[in-house]
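> how would this look folded up:
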Amino acid sequence: MSRQKRTTIAISLFLVFATSQVYLVNSFARVNAPSVTTGQQPTGVLSTQGNQAITVNGVSTSPGATILPGATVETPAGVGATIDFGQLGSVQIDPNSRVTVDFQNGSIKVTVLQGCVTLHTKRGTRGEVDTQGSSRTTDAAKDGVVHLCAPGAVPPGTSNGGGGGLGAKVLVPVFAATGATFALLAWRGNNPSPGGP
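Numbers count the residues shown, from 1 in each chain. Model prediction:
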């Protein structure tokens, strides 16, 4: 074999070797390079009273469903719901409520359109609950809780005493009737009805 052929073969082998090394180094760098993304978008997990379905974005949704940022959640009468955001916290939605939930790493915002909610945030997460006319926030430096209702909403348990007792709608007439009875007895005591001879 001539010297020129040997030189050509040697150069060809060197180029093949060099090219393969460059490819391997680039592949290794892509695999081990640190991610430049900001992290995975958080999601919520739905649970409900009695495992009943509620409405999310206008669609009937069962417990265990994944809730994404920007979702509109609506609960029927008698069915409350909870959305667990993992390391961010959770929100409890009262029955007969309609809310929108928006969340990302480090923050949860709940807008109450109807009904009431209780937002629980964990340390490192700033929480905000808005209604038509008021807003409350939590401090990201510690765990926090915010309970807020839309204007005109009555929290469950308020109208019935919360424990099966008499509510205000019942107590007011009872007290009024009792007062009227005492007033009548007092009046009759001062003005006895005519008796016999």
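> thought Ile93 was touching Val99?
Yes. At 5.9 Å, Ile93 counts as touching Val99 under the criterion of C-beta atoms under 8 Å. All C-beta atoms are positioned from the backbone trio N, CA, C, and that covers glycine.
> what residues are shared contacts of those two?
Shared contacts of Ile93 and Val99, defined by C-beta atoms under 8 Å, 6 or more residues apart in numbering, comprise Val73, Gly115, Val117.
> Make a markdown table out of those and add pLDDT.
Listed next are those as a markdown table, based on pLDDT from 0 to 100:
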| residue | pLDDT |
| --- | --- |
| Val73 | 97 |
| Gly115 | 96 |
| Val117 | 97 |
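> any idea how far Thr55 is from Phe103?
Relative to Phe103, Thr55 is positioned 19 Å away (C-beta to C-beta, to the nearest Å).
> who has more neighbours, the two?
A count of neighbours by other C-beta atoms under 10 Å puts Phe103 above the other of Thr55 and Phe103, at 25 against 15.
> just to revisit the earlier point, just the shared contacts of Ile93 and Val99: which are in strands?
Residues of these located in strands (DSSP state E): Val73, Val117.
> top of the shared contacts of Ile93 and Val99 by neighbour count?
Val117 (26 neighbours).
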